[in-house]
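**Student:** Fold the following for me, if possible:
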Amino acid sequence: MEKKKLSLVLAMFMFIFLISNVYAITGKIGNGKMIVTLEEGEVLDRTIRVINDNDISLNITLFAAGDLVDDIEIIDESFVLAVGEEKRARFKLEAKEIGNYESRINVQFAPVEGGSGVGLSATVITKIVGEGSIPDGSDIDDDEEGGSSSSILILGMSSVLLVVVLGLLLYSAKTKPLKKVSKEDQEKKSVKRRELNDRRNE
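**Tutor:** Sure thing, here's the model as predicted:
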């Protein structure tokens, strides 16, 4: 009984410690999709609204991917956002060759103190046409209200180890009593069998 009580106390202590080391990281961007039409040779200069809705400061990292990855220059490649702060991260896209393309500006959110983070991406759909082919006022469709957000639960390595230890303690607390009961049952059955055999022999 004393060992069982001690195990339960340790399990409760570890559970409380684990809860205190768990926090959620949320990533949020204001404009998740852009549709642009550019003339060949034109340079697009745009921004992505990056928002920190968390209770901790975050390291923000931006990088390009997709069809025009070599033609995209990230101006605000990395920066820190304080609690509740937001920033319009700037990038440029050069329209080199006529065609339809889909690219992404990936935004990585990570705690300043270290640890895993969460990533989001803004899609940039680009149509590149010849010079003088774009009607006035129809070159950019920026989905400013179509922002996206994502969250991830972050656990430190110590917390992961605590989960494993807690699971082992609970498992041992449950299985040991069962083993004792099963042995007692076996002993009782063997005693009854012996008594029956003795009676038959008499």
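**Student:** Buried residues in stretch 189-202, which are they?
**Tutor:** Across stretch 189-202, burial judged by 16 or more other C-beta atoms under 10 Å covers no residue at all. Every residue, glycine included, has its C-beta placed from N, CA and C.
**Student:** Kindly apply the preceding question to stretch 75-85 instead.
**Tutor:** Applying 16+ other C-beta under 10 Å to stretch 75-85 flags residue 81 as buried.
**Student:** ditto for stretch 85-104
**Tutor:** Residues of stretch 85-104 classed as buried by neighbour count (16+ other C-beta under 10 Å): 87, 89, 91, 93, 95, 101, 103-104.
**Student:** One more: stretch 114-124?
**Tutor:** By 16+ other C-beta under 10 Å, the buried positions in stretch 114-124 come out as 117-118, 120-124.
**Student:** Return the member of these nearest to residue 41.
**Tutor:** residue 124 (17.8 Å; C-beta to C-beta).
**Student:** Remind me what the strand or helix carrying residue 73 packs against, helices and strands.
**Tutor:** According to DSSP states H and E, residue 73 maps onto strand 72-74. For strand 72-74, the packing partners by 3 or more C-beta pairs under 8 Å, 6 or more residues apart in numbering; DSSP states H and E come out as strand 58-66, strand 86-94, strand 99-111.
**Student:** Show me what the last one is packed up against.
**Tutor:** Meaning strand 99-111. On a contact count with 3+ C-beta pairs under 8 Å, 6+ apart, strand 99-111 meets strand 22-29, strand 43-51, strand 58-66, strand 72-74, strand 86-94, strand 118-129.
**Student:** and those strands as CSV, adding mean pLDDT and distance to residue 36?
**Tutor:** Formatted as CSV, the helices and strands packed on strand 99-111 follow (pLDDT from 0 to 100; distance: least, C-beta to C-beta, whole Å):
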stretch, mean pLDDT, distance to residue 36
strand 22-29, 76, 17
strand 43-51, 95, 6
strand 58-66, 96, 13
strand 72-74, 97, 12
strand 86-94, 96, 8
strand 118-129, 94, 5
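**Student:** Nearest to residue 197 among these would be which one?
**Tutor:** Going by C-beta to C-beta, the one of the helices and strands packed on strand 99-111 nearest residue 197 is strand 22-29, 60.1 Å.
**Student:** Which SSE is immediately downstream of the closest one?
**Tutor:** That would be, after strand 22-29 and using DSSP H and E, strand 33-39.
**Student:** re earlier: now the helices and strands packed on strand 72-74 in JSON lines, with distance to residue 40?
**Tutor:** Shown next, in JSON lines, are those (distance: least, C-beta to C-beta, whole Å):
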{"stretch": "strand 58-66", "distance to residue 40": "19"}
{"stretch": "strand 86-94", "distance to residue 40": "10"}
{"stretch": "strand 99-111", "distance to residue 40": "10"}
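**Student:** which one of the ones you listed lies closest to residue 51?
**Tutor:** strand 86-94 (4.3 Å).
**Student:** Having no further points to raise, I will conclude here.
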